[in-house]
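Colleague: Structure, please.
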Amino acid sequence: MSRSRALSLSLVALAAVFALGGCSSDDGGEKSDGAGAKETKSADAGSSGKGGAELTYRGGASGKLSIGDVSCATLGGKLTAITAPADMSGDTPAKPSFTAAVSGDEAMVTLTTKDGTSYLHPAAPGITGRESGDTWVVTVSGVELKPTDPSGEAITVDGTITCGSVAGI
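Modeller: Numbers count the residues shown, from 1 in each chain. Prediction:
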């Protein structure tokens, strides 16, 4: 992958994380952001209606992450971003957390485990999303992430994410 493509995905990821940081709806309905984009919320996306992520990882470390309250973004009917947990506006990174900025068949993916270890891939294949009823379901399949600490070992992530709120046009 070219350096400019990796930089583009990085910028998209940052924009998606900041854009999704405040996206949530507690009324189960639909609202507009004032620019014509609508945010919808699924009543059946997880027990609280806020979606969830169930991810397992193996390799240099192994474990399972359960994250509630997931936000996603779409553009033109295609999944573009995932933020779990949905509100990552605090001063410190959420533990655990998962973000992805999706562009075509690749995604810039970050994962932080419960103990604060962070993993990254600037253009990972293996993330697919599909609309299921009035929500989005995302499959994470064999996504290899490298640790941000150069002395660590890579992990492979698998699981399912249900978007609790979806912002998109």
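
Colleague: list the contacts for the spatially most central residue of the chain?
Modeller: Geometric centre of the chain, nearest residue: I82, 2.5 Å, by Cα atoms, centre = their mean. By Cβ atoms under 8 Å, 6 or more residues apart in numbering, the contact list for I82 reads 70-72, 98-100, 102, 127, 129, 138, 161, 163. C-beta here means a position set from N, CA and C on the backbone, and glycine is covered the same way.

Colleague: same deal with G59?
Modeller: Contacts here follow Cβ under 8 Å, 6+ apart; on that basis G59 touches 144, 153-156.

Colleague: which one of those residues sits closest to G90?
Modeller: Top of the list for closeness to G90, among those and by Cβ to Cβ, is I155 at 24.3 Å.

Colleague: Just list whatever residues bridge to the closest one.
Modeller: Legend: beta-bridge partners of I155 under DSSP bridges are G59, L145.

Colleague: do A124 as well
Modeller: A107.

Colleague: From T80, how far off is it?
Modeller: For A124, the distance to T80 equals 15 Å [Cβ to Cβ, to the nearest Å].

Colleague: distance of the residue of the chain most remote from its centre from T117?
Modeller: Distance from the C-alpha centroid of the chain peaks at S151, with 25.5 Å (Cα atoms, centre = their mean). Note on S151: its distance to T117, by Cβ to Cβ, is 11 Å.

Colleague: and the end-to-end length of stretch 123-137?
Modeller: Using Cα to Cα, to the nearest Å, the end-to-end distance of stretch 123-137 comes to 20 Å.

Colleague: Also stretch 102-121?
Modeller: Length of stretch 102-121, first residue to last, Cα to Cα: 12 Å.

Colleague: Likewise for stretch 110-120?
Modeller: Where stretch 110-120 begins and where it ends lie 5 Å apart, using Cα to Cα.

Colleague: Let me see the mean pLDDT of that stretch.
Modeller: Mean pLDDT, computed over stretch 110-120, is 95.

Colleague: Show me how far that stretch is from its chain's centre.
Modeller: Here the centre of mass of C-alpha atoms in stretch 110-120, compared against the chain's by Cα atoms, centre = their mean, to the nearest Å, lies 13 Å away.
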